[in-house]
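Colleague: Prediction below, plus the sequence it came from.
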Amino acid sequence: MGDFWFLVIALTLYSGAVIGDLIRSGIVALPPGQSEAALALGFSHVGTLIRVLLPQALRSMSPALVSQLIILFKGTALAYVLGGYMELLRSATVIGQYYTQSLLQAQFVAAIGFLIINVLLGALADALERRQRRLETQVSPIASIPAVLLDNR
């Protein structure tokens, strides 16, 4: 097995462990009343997890998941430095040697593309985090109804 596959296995195990911990912490952070209510409505434990807990947990942990995606993207660049295979630089080398006769310019364009992708992913993570904060601060429609009206249902 070559260096490439060792790096793929290492990145997969690392990212899998981090994402698993993110999912676990997202579920644990939910109020216990969520799972209790689903169980009281007759959901099974698996149904409660899939239909009630995971959708709420995924919404709250989406900024952290995007940040992990950025780390994984940067890890693939590190894998190239350590002997892995990176198609982007190979393509830039081919373009630089055969089409523009300037390898440095082609490598520079490839580096700019890599940076743009990282910046865009970071902006996506920030936007998701701001959206999540905005949704958490909004008042629930049920909370704005006076308690007297709720008791008369």
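Modeller: Here it is on my side, so go on.

Colleague: Now the residue lying closest to Leu72 once chain neighbours are set aside: which helix or strand?
Modeller: Leaving aside its sequence neighbours, Leu72 sits nearest to Ser15 (CB to CB, 6 or more residues apart in numbering; 5.2 Å). (Each C-beta comes from the backbone N, C-alpha and C, glycine too.) Using DSSP states H and E, Ser15 sits in helix 3-28.

Colleague: Where is the longest helix in the protein?
Modeller: helix 103-137 (DSSP state H).

Colleague: buried residues in it?
Modeller: Neighbour counts over helix 103-137 (16 or more other CB atoms under 10 Å) mark Ala106, Gln107, Ala110, Phe114, Leu121, Leu124, Ala125, Leu128 as buried.

Colleague: gap between Thr12 and Phe114?
Modeller: Per CB to CB, to the nearest Å, Thr12 is found 21 Å from Phe114.

Colleague: Does anything pack onto the helix holding Ser15? Which helices or strands?
Modeller: Secondary-structure packing of helix 3-28 (3 or more CB pairs under 8 Å, 6 or more residues apart in numbering; DSSP states H and E): helix 54-81.

Colleague: what's the following helix or strand after the helix it packs on?
Modeller: Downstream of helix 54-81, the first helix or strand assigned by DSSP H and E is helix 87-98.

Colleague: how about that next one as PDB, C-alpha atoms only?
Modeller: Only the C-alpha atoms of helix 87-98 are listed here, as PDB (Å, rounded to 0.1, in the frame of the first residue of the first chain):
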ATOM      1  CA  GLU A  87      -4.600  16.600  -9.000                       C
ATOM      2  CA  LEU A  88      -4.800  20.400  -8.800                       C
ATOM      3  CA  LEU A  89      -1.000  20.900  -8.800                       C
ATOM      4  CA  ARG A  90      -0.500  18.200 -11.400                       C
ATOM      5  CA  SER A  91      -3.000  19.900 -13.700                       C
ATOM      6  CA  ALA A  92      -1.400  23.300 -13.100                       C
ATOM      7  CA  THR A  93       2.000  21.800 -13.900                       C
ATOM      8  CA  VAL A  94       0.700  20.400 -17.200                       C
ATOM      9  CA  ILE A  95      -1.000  23.600 -18.100                       C
ATOM     10  CA  GLY A  96       2.100  25.600 -17.200                       C
ATOM     11  CA  GLN A  97       4.500  23.400 -19.200                       C
ATOM     12  CA  TYR A  98       2.500  22.900 -22.400                       C
END
